[in-house]
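Q: For reference, the sequence and a predicted model appear below.
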Amino acid sequence: MRIDVFVILASVVGAKLAAQLILSALNRAEIRRHATTPPPAVAAVMDGETYGKSVSYSLEKNKLEMLELVYDALILLIVLVGGVLPWMFGQIGAWAPEGRWDDALFVLATGVLIGIPALIFDWYGQFRVEAKFGFNQSTLRLWVADKVKGLALTFVIGFPLLWALLAVVDLAGRAWWAWGFGLIFVFQLLMLVLYPKLILPLFNKLTPLAEGELRDRLLALANRTGFKAAAIEVMDGSKRSGHSNAFFTGFGRFRRIVLFDTLINQLEPEELEAVLAHEVGHYRKGHIPRMLLVSAGMLLAGFAAIAWLMQSTWFNPAFGLPAGEPAPAFLLFAMLGGLVTFWVSPLGNILSRKHEYEADAFAREAMGGAGPLVAALRKLARKNLSNLTPHPLFSGFYHSHPTLVEREAALTRPTV
Ligand SMILES: [Zn+2]
């Protein structure tokens, strides 16, 4: 690698790492500052002992996060500077059949290879940190099985998709990037529908919510809020973790709401109703198509950028790869794109937090008051040992959801 390329690369990687470490250090200091003297709002959410546990848990996760940031940055530099990519390109080109198949294989195999070092942190987080605080329910066997399934899916889905994308680059001429965008966007829409039906069941068991009072209440709420014929399913999240969650998948008549079994065990029926009302709020306020539009815009911009970099004489060669070759350009973009998007990622979070406030307001309306949702949010924060005192810069930069204190303040603010 040329010295000027190295200097630019090291500065860009270093700038992102420095910003991340500063944010994490600020967050750490903020947690410690409140460790012995919690802000008044905390008393309503956690007792002293639970708060102490949430502080230790947050500090432990923060330490791991900072180590991982440094580790990831080093791995990225080692891979790019150490000639891993040209070596892989030569190896696969030498024994795989010439053409799109070996190009697709190069991208996937290299992606998998450079993902291996990160597994250490994944394992440590699950079986050391999560386990220490009683959240881990997974076993080494299940963890390995998950990784193997994930790897298999990468090839089963990724391989034909990449092949098709490389074919588009070959055949569509100068405007290939618009066609490539179309291909991936359609694939994403298809996945929204297929993911809960085909992929999620490979990892989790989904069962329709059992008949009974809870189901009646939730369906009544769904009808009342204009979310008709909704499928409400329960996912066995407890198989891996004690953390709880609810989410929304699909669109149109494929839409469904998935509740973790852990969530059902932790909340009272009325609180679950409020959580469901919040999810319905996302649907009724049009958040899903809006987020889809934003991600489509970013995808299109990404493809335009790849097209520009691909036809340049300097991008691939700077990393020891042949100029004009599509597959290396895609791979490099995937590895380097985050160095740029990191700086604009807070914009997406600002939009996401705005949607959370809107969904909360919707739930308050549907429930005839803020009480049930506030109770649910407090309980979830307690059960998940959430960090109640994140640094404002940290949460402003990274968090897709407002903090508990912010959400409560908005929920209990009188409406005009
Ligand atoms: Zn939400």
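A: Sure thing, it's come through.
Q: Might you enumerate the residues of the stretch 301-416 of the chain proximal to the ion?
A: For the stretch 301-416 of the chain, the residues found near the ion under the criterion CB under 5 Å from the ion are Glu356, Ala359. All C-beta spots, glycine's among them, are computed from the backbone N, C-alpha and C.
Q: Show me where the stretch 301-416 of the chain dips below the pLDDT cut-off.
A: Of all residues in the stretch 301-416 of the chain, those with pLDDT under 70 make up the ranges 415-416.
Q: Show me which positions of stretch 364-384 end up buried.
A: Across stretch 364-384, burial judged by 16 or more other CB atoms under 10 Å covers 364, 366-367, 370, 372-374, 376-384.
Q: Is there a neighbour count for Gly286? I'd like the number.
A: Burial measure for Gly286: 11 neighbouring residues, criterion other CB atoms under 10 Å.
Q: Could you measure from it over to Ser244?
A: 27 Å (CB to CB, to the nearest Å).
Q: Distance from stretch 70-88 to the middle of the chain?
A: Going by CA atoms, centre = their mean, to the nearest Å, the spacing between the C-alpha centre of stretch 70-88 and its chain's C-alpha centre is 24 Å.
Q: For that stretch, which residues meet the burial criterion?
A: Residues Asp72, Ala73, Ile75, Leu76, Leu77, Val79, Leu80, Val84, Leu85, Pro86, Met88 are the ones in stretch 70-88 that count as buried (16+ other CB under 10 Å).
Q: Against Phe155, how distant is the last one?
A: Counting by CB to CB, the gap between Met88 and Phe155 amounts to 16 Å.
Q: ok, now Glu60?
A: Taken as CB to CB, the spacing of Glu60 relative to Phe155 amounts to 35 Å.
Q: just Glu325 next, same as before
A: Counting by CB to CB, the gap between Glu325 and Phe155 amounts to 21 Å.
Q: What are the contacting residues of stretch 312-319?
A: Where contact means CB atoms under 8 Å, 6 or more residues apart in numbering, the residues beyond stretch 312-319 that reach it are 1-2, 5, 80, 85-86, 309-310, 322-325, 328-329, 332.
Q: May I see the buried residues of that stretch?
A: Of the residues in stretch 312-319, those buried by neighbour count under the rule 16+ other CB under 10 Å are Phe315, Asn316, Ala318, Phe319.
Q: For the protein, which element, helix or strand, carries the lowest mean pLDDT?
A: Using mean pLDDT, DSSP states H and E, strand 246-249 stands out as the lowest-scoring helix or strand of the chain, at a mean of 78.
Q: close to the ion, is that strand?
A: No - in terms of CB under 5 Å from the ion, no part of strand 246-249 sits within range of the ion; the closest distance is 8.3 Å.
Q: Lovely, talk soon.
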